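>>> Got a sequence here, can you build the structure:
(2 chains)
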Number of protein chains: 2
Amino acid sequence: MDKRLGRYTVKFSQPPVILATAAVVGPKEGAGPLRDTFDLILPDTYWGETSWELTERKMLAEAVKMALEKATLKPEEVQFLLAGDLLNQTISANFMASQYGIPFLGLYGACSTMFEGLSLAAMLIDGGFADHVIVAASSHYGAAERQYRLPTEQATQRPMSAQWTVTGAGAIILGARGQGPRVTMATVGRVLDLGVKDAADMGGAMAPAASDTLVRHLQDTGRQTGDYDLIITGDLGKVGSTLIGQLAGQNGYQLGDNYQDGGLLIYDIRQQDTHAGGSGCACSAVVTAGYIYQELQGKRLRKVLGIGTGSLQSPTSVSQGESIPGIGHAVVMEA
Amino acid sequence: MDKRLGRYTVKFSQPPVILATAAVVGPKEGAGPLRDTFDLILPDTYWGETSWELTERKMLAEAVKMALEKATLKPEEVQFLLAGDLLNQTISANFMASQYGIPFLGLYGACSTMFEGLSLAAMLIDGGFADHVIVAASSHYGAAERQYRLPTEQATQRPMSAQWTVTGAGAIILGARGQGPRVTMATVGRVLDLGVKDAADMGGAMAPAASDTLVRHLQDTGRQTGDYDLIITGDLGKVGSTLIGQLAGQNGYQLGDNYQDGGLLIYDIRQQDTHAGGSGCACSAVVTAGYIYQELQGKRLRKVLGIGTGSLQSPTSVSQGESIPGIGHAVVMEA
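Numbers count the residues shown, from 1 in each chain, chains lettered A, B, ... in the order given. I've put the predicted structure just below:
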């Protein structure tokens, strides 16, 4: 049976259910506007570990553990674990996976990882290959800054277009059966590289790919932006979320009051001095596992189009003078 | 419809067909025993580029292009491109993907990437979400050495347990219909970490995970090792391929003459001074896209169990004193 809708979108015949979610965040995120939507707020950025890399891994493992507990599932009842993160060779995900013994599919989608994972997980379940799949993603400001940019101890001044990597981890369990919001469609992203070379302007680099996915999704489904209660991008921040509005407009689709961006929701960007807003794998992961899931559960939102956005550069490619490719994966979630 | 067989294995209801493959390799691989199975052998390790990172990316793009041509498919006829590599943030795959406009799912499975991708691609096709999926993976000795270990210019002596990262790229196109060998089953790997800390003994770190997958596959299917014409691991090399025999034996399964390892096939390890054998994402990718595919096409092999093996450390985790987790993804290919 062909489950495709238009050229790029898949529509699930038996839409997988979001059975449980968990969101663990750092103290800065826990002081932000979404503080009440998180399951656990760390007291400090180390959480008893000796390195930020170990802290990130512990958050990711904790998010998976909490989601399993909420769904009252044992690891052996889950067929696949899909996870990824920003650290070189995705070590947070790999080491976390060694704790659970669940067959593991490692992803690299940068900050889009949660949405890449949700797309794949829904296909694996609707395809008949699994009853339960966990998707998880993490990032840590301290670990990401020293890997991607400069040691935080150096206290380099950041331009206003720079974003703040979210410290946190999110886990979402999809199931073939059960009660809860459902994943009804997915539109997988294409990599677009329009030549942006400024690693301190990731929103600008990601916006064209996010707009491309949004437009392809709306064309495939014949929908308008107003058909969704909420269209939310992962972490375009202030620069990128303005740009996606312009790009979508050029394609005949207007983004209105029902458009938001996870990177702008998670911090009070002026009070918390996070410049253009949040970013990192954890940004879309914890906003989706927390805020979006709770709004869908409470039926305050009924139809959400989430677009996880990823900036696909590395310090190697940036230092070799390369531009920054972007991607955006879209998933429809319905109450 | 449930397509699971036992606890860990999936069995495809309409097994996807391997429509075309392409293997591009460097000069050292082109001088090895499998030289006649490759599509293109580079004249040198740069291939006209100014860095090994750019060479790797060019090989990966070329392998995808050649596979598309052989299958007489245009990029727009392919629903998903799944790819990954060893470089930080998988830049080879990301930048390559920006050239094709095919919806892209980025993977990180280290040297197991081709088999992680084949498992997923077969599920996406058999699940009804795609007619055509490309899987691709690459590595480059020069780029990998300087990222993972030491600059090659330093000419550090390598221990005999060390492996040689294959310079190359492989691409495989799976289709829902057509003629050719078929992917009939997959058993996704679990991450095992038995505490091996020597980054110059990756075979030893990967063997337990490969054995775990082999044993789970045989238990799920009720098969014996002798039911396969060939059981081939990706890149365990000399140390790891001895170890997997011992570990499988302890579980009651004997590996005999029908067992081989891609890392030992690709080089004449004594003459070519590659110590314990080949490794890297390209190792299992080009051995599968070249040798295995051709043997299946020629019906000299009819039933092959391939286990892509991955060593999931990073320079960060190694320098922080962490051990090396391993993974192995199994796929059954039948003529």
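>>> State the phi and psi torsions of A:Gln147.
In terms of degrees, to the nearest 10, the main-chain angles of A:Gln147 are phi -80, psi -40.
>>> show me what contacts it?
Contact analysis of A:Gln147 by Cβ atoms under 8 Å, 6 or more residues apart in numbering or on different chains lists A:Leu86, A:Leu87, A:Asn88, A:Pro315, B:Thr316. For every residue, glycine as well, the C-beta is placed using N, CA and C.
>>> cool, and A:Tyr108?
With Cβ under 8 Å, 6+ apart, A:Tyr108 has these contacts: A:Gly84, A:Thr90, B:Gly84, B:Gln89, B:Thr90, B:Ala93, B:Gly106, B:Leu107, B:Tyr108.
>>> between these, which is nearest B:Leu264?
B:Gly84 (23.3 Å; Cβ to Cβ).
>>> Report how many residues lie close to the closest one.
Neighbours of B:Gly84 under the rule other Cβ atoms under 10 Å in any protein chain shown: 32.
>>> same thing with the one 5 residues further on?
Applying other Cβ under 10 Å, we find 28 residues neighbouring B:Gln89.
>>> Verify the stated contact: it with A:Asn88.
Yes. Contact criterion Cβ atoms under 8 Å: B:Gln89 and A:Asn88 qualify, at 7.4 Å.
>>> how near is the residue in chain A that chain B sits nearest to to B:Leu120?
Scanning chain A for the residue nearest chain B gives A:Gly127, at 2.2 Å (criterion: Cβ to the nearest Cβ). From A:Gly127 over to B:Leu120 the distance is 10 Å, taken as Cβ to Cβ, to the nearest Å.
>>> go on, A:Asp36?
Distance from A:Asp36 to B:Leu120, counting by Cβ to Cβ: 37 Å.
>>> Who has more neighbours out of those two?
A side-by-side neighbour count of A:Asp36 and B:Leu120, using other Cβ under 10 Å, places B:Leu120 first with 28 against 9.
>>> Return the residues in contact with A:Leu105.
Listed by Cβ under 8 Å, 6+ apart, the contact set of A:Leu105 reads A:Phe80, A:Leu81, A:Leu82, A:Leu120, B:Leu107, B:Gly109, B:Glu116, B:Ser119, B:Leu120, B:Val188.
>>> Quick check: nearest residue in space to A:Leu230, chain neighbours excluded?
Excluding its sequence neighbours, the residue lying closest to A:Leu230 (Cβ to Cβ, 6 or more residues apart in numbering or on different chains) is A:Val304, at 4.7 Å.
>>> That neighbour touches A:Ile292, doesn't it?
Yes. Counting by Cβ under 8 Å, A:Val304 touches A:Ile292, with 5.9 Å between them.
>>> can you list residues touching both of these two?
Common neighbours of A:Val304 and A:Ile292 (Cβ under 8 Å, 6+ apart) are A:Leu230, A:Ile232, A:Met333.
>>> Show the end-to-end separation of stretch A:170-190, please.
One end of stretch A:170-190 sits 24 Å from the other (Cα to Cα, to the nearest Å).
>>> Adding distance to A:Asn251 as columns, could you present the contacts of A:Tyr108 in TSV?
Formatted as TSV, the contacts of A:Tyr108 follow (distance: Cβ to Cβ, whole Å):
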residue	distance to A:Asn251
A:Gly84	30
A:Thr90	33
B:Gly84	31
B:Gln89	29
B:Thr90	29
B:Ala93	27
B:Gly106	25
B:Leu107	30
B:Tyr108	32
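>>> Output those in CSV; the columns should cover secondary structure and pLDDT.
CSV is the format used below for these (DSSP: H, G, I helix; E, B strand; the rest coil; pLDDT from 0 to 100):
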residue, secondary structure, pLDDT
A:Gly84, strand, 98
A:Thr90, helix, 97
B:Gly84, strand, 98
B:Gln89, helix, 97
B:Thr90, helix, 97
B:Ala93, helix, 98
B:Gly106, strand, 98
B:Leu107, strand, 98
B:Tyr108, coil, 98
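>>> rewinding a little: take the contacts of A:Gln147 and keep only those in helices.
If you go by DSSP state H, the contacts of A:Gln147 have A:Pro315, B:Thr316 in helices.
>>> Can you show me the helices along chain A?
Counting by DSSP H, chain A has helices at residues A:27-30, A:52-70, A:91-97, A:113-126, A:141-148, A:202-221, A:237-250, A:262-265, A:281-287, A:293-297, A:315-319.
>>> Quick one: closest of the ones you listed to A:Leu42.
Among the helices of chain A, the nearest to A:Leu42 by Cβ to Cβ is helix A:27-30 (6.0 Å).
>>> With adjacent residues omitted, what lies nearest to the residue of chain A closest to chain B?
Spatial nearest neighbour of A:Gly127, chain neighbours left out: B:Gly127 (2.2 Å); criterion: Cβ to Cβ, 6+ apart.
>>> Report how many residues lie close to that neighbour.
When neighbours are counted by other Cβ under 10 Å, B:Gly127 registers 24.
>>> In the stretch 101-250 of chain A, where is pLDDT below threshold?
For the stretch 101-250 of chain A, not a single residue meets the criterion pLDDT under 70.
>>> Contact residues of it facing chain B?
By the rule Cβ under 8 Å from any Cβ of the partner chain, the part of the stretch 101-250 of chain A lying against chain B is A:101-110, A:116, A:119-120, A:123-124, A:126-130, A:147, A:187-193.
>>> ok, now which ones touch the residue of chain A closest to chain B?
By Cβ under 8 Å, 6+ apart, the contact set of A:Gly127 is B:Lys3, B:Met123, B:Leu124, B:Asp126, B:Gly127, B:Gly128, B:Phe129.
>>> Please repeat the previous calculation with a cut-off of 10 Å.
Counting by Cβ atoms under 10 Å, 6 or more residues apart in numbering or on different chains, A:Gly127 touches A:1, A:3, A:12-13, B:1, B:3, B:10, B:12-13, B:123-129.
>>> just A:Ala200 next, same as before
Here A:Ala200 is in contact with A:Arg149, A:Arg158, A:Pro159, A:Met160, A:Ser161, A:Ala162, A:Gln163, A:His275, A:Ala276 (Cβ under 10 Å, 6+ apart).
>>> what's the most distant pair in those residues?
Farthest-apart pair in the contacts of A:Ala200 is A:Arg149 and A:Met160; separation 15.3 Å (Cβ to Cβ).
>>> In terms of neighbours, single out the busier of those two.
A:Arg149 (17 against 11).
>>> Double-check the more buried one against A:Pro159; I have them as touching.
No. The criterion here is Cβ atoms under 10 Å, and A:Arg149 misses it with A:Pro159 at 11.4 Å.
>>> which of the helices of chain A is buried the deepest?
Burial of those is given as mean neighbour count (mean count of other Cβ atoms under 10 Å in any protein chain shown); helix A:281-287 ranks first at a mean of 36.
>>> quick one: it near chain B?
No. Judged by Cβ under 10 Å from any Cβ of the partner chain, helix A:281-287 stays clear of chain B, getting no closer than 11.6 Å.
>>> for stretch A:62-69, same thing?
No. Stretch A:62-69 does not reach chain B (Cβ under 10 Å from any Cβ); its nearest approach is 12.7 Å.
>>> Let me see the mean pLDDT of that stretch.
Mean pLDDT, stretch A:62-69: 98.
>>> List the buried residues of stretch A:77-85.
Buried residues in stretch A:77-85, counted by 16 or more other Cβ atoms under 10 Å in any protein chain shown: A:Val78, A:Gln79, A:Phe80, A:Leu81, A:Leu82, A:Ala83, A:Gly84, A:Asp85.
>>> Also near chain B: which of those residues, exactly?
Contacts with chain B are made by A:Gln79, A:Phe80, A:Leu81, A:Leu82, A:Ala83, A:Gly84, A:Asp85 out of the buried residues of stretch A:77-85, judged by Cβ under 10 Å from any Cβ.
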